[in-house]
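1. Quick one, fold the following:
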Amino acid sequence: MNFLMIALFTLGSVMAEASDCKVFIPVKDFLHAGHTIYFDFGTILKAKKMEETYEVLKADLTLVADGVELEERYFNYAFASLTINYKSGKSYEYKERVRCLTQLCGVSDFAKSFNKVFRKLLKIHAPCE
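-> Alright, predicted model coming up:
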């Protein structure tokens with residue numbers, strides 16, 4: 001009986017490791033108005049059972065974060081997007097925006113929008129396919 005339990009546990013852990021996806025992240029920071037926001041994708045990758053790779057050819061998917069300042073009639077908005085592109089051709093894009101309370105958006109506004117989009121990814125996106 002113990003041998004069966006050990007075999008099932010080993011098989012389960014091997015299958016869990018096999019289901020980990022390799023992720024390539026080309027850019028890990030965002031520059032706005034001379035200030036840089038550095039992203040820590042560790043918690044996202046761990047929660048979604050993904051593993052980072054530094055070689056694009058070994059990656060099962062790419063994760064791209066980008067931001068832009070949108071000018072609307074009365075306010076500017078810090079717009080953040082996070083795109084996940086799988087090798088199979090599937091693509092998911094998560095977007096969030098934060099209204100900037102000053103005339104122009106600051107780094108803190110972009111930090112808020114990126115935090116919102118990362119939380120959205122953690123809540124909505126399924127673990128590795």
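2. Report the next helix or strand after the helix or strand bottoming out on mean pLDDT in the chain in sequence order.
-> The helix or strand of the chain with the poorest confidence is helix 2-18; it has a mean of 37 (mean pLDDT, DSSP states H and E). Remark: after helix 2-18, the chain's next helix or strand is strand 21-24, criterion DSSP states H and E.
3. Now that following strand: buried residues?
-> 21-24 (16 or more other CB atoms under 10 Å). C-betas here are computed from N, CA, C, even on glycine.
4. Repeat that for stretch 111-118.
-> Here stretch 111-118 shows 111-114, 116-118 as buried, counting by 16+ other CB under 10 Å.
5. ok, and what's touching stretch 85-101?
-> Stretch 85-101 is contacted from outside by 59-62, 64, 69-70, 75-84, 106, 109-110, 112-113, 116-117, 120-121, 124-125, 129, using CB atoms under 8 Å, 6 or more residues apart in numbering.
6. Could I have the ChimeraX command that selects the buried members from those?
-> Buried members of the contacts of stretch 85-101, defined by 16+ other CB under 10 Å, are picked up in ChimeraX with:
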select :59,60,61,62,69,76,77,78,79,80,81,82,84,106,109,110,112,113,116,117,121,125
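7. Just the buried residues of stretch 111-118: which are in helices?
-> 111-114, 116-118 (DSSP state H).
8. pLDDT added to the residues you listed, as a markdown table?
-> Output for those, formatted as a markdown table (pLDDT from 0 to 100):
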| residue | pLDDT |
| --- | --- |
| A111 | 92 |
| K112 | 94 |
| S113 | 94 |
| F114 | 94 |
| K116 | 94 |
| V117 | 93 |
| F118 | 92 |
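9. measure Y54 to L104 for me?
-> 35 Å (CB to CB, to the nearest Å).
10. whoops, I mixed them up, K48
-> 34 Å.
11. ok, these two, which is more surrounded?
-> Neighbour count, other CB atoms under 10 Å: between K48 and L104, K48 has more, with 19 against 12.
12. shouldn't that one be in contact with F118?
-> No - K48 lies out of contact with F118 (CB atoms under 8 Å); the separation is 11.3 Å.
13. Understood, closing this out.
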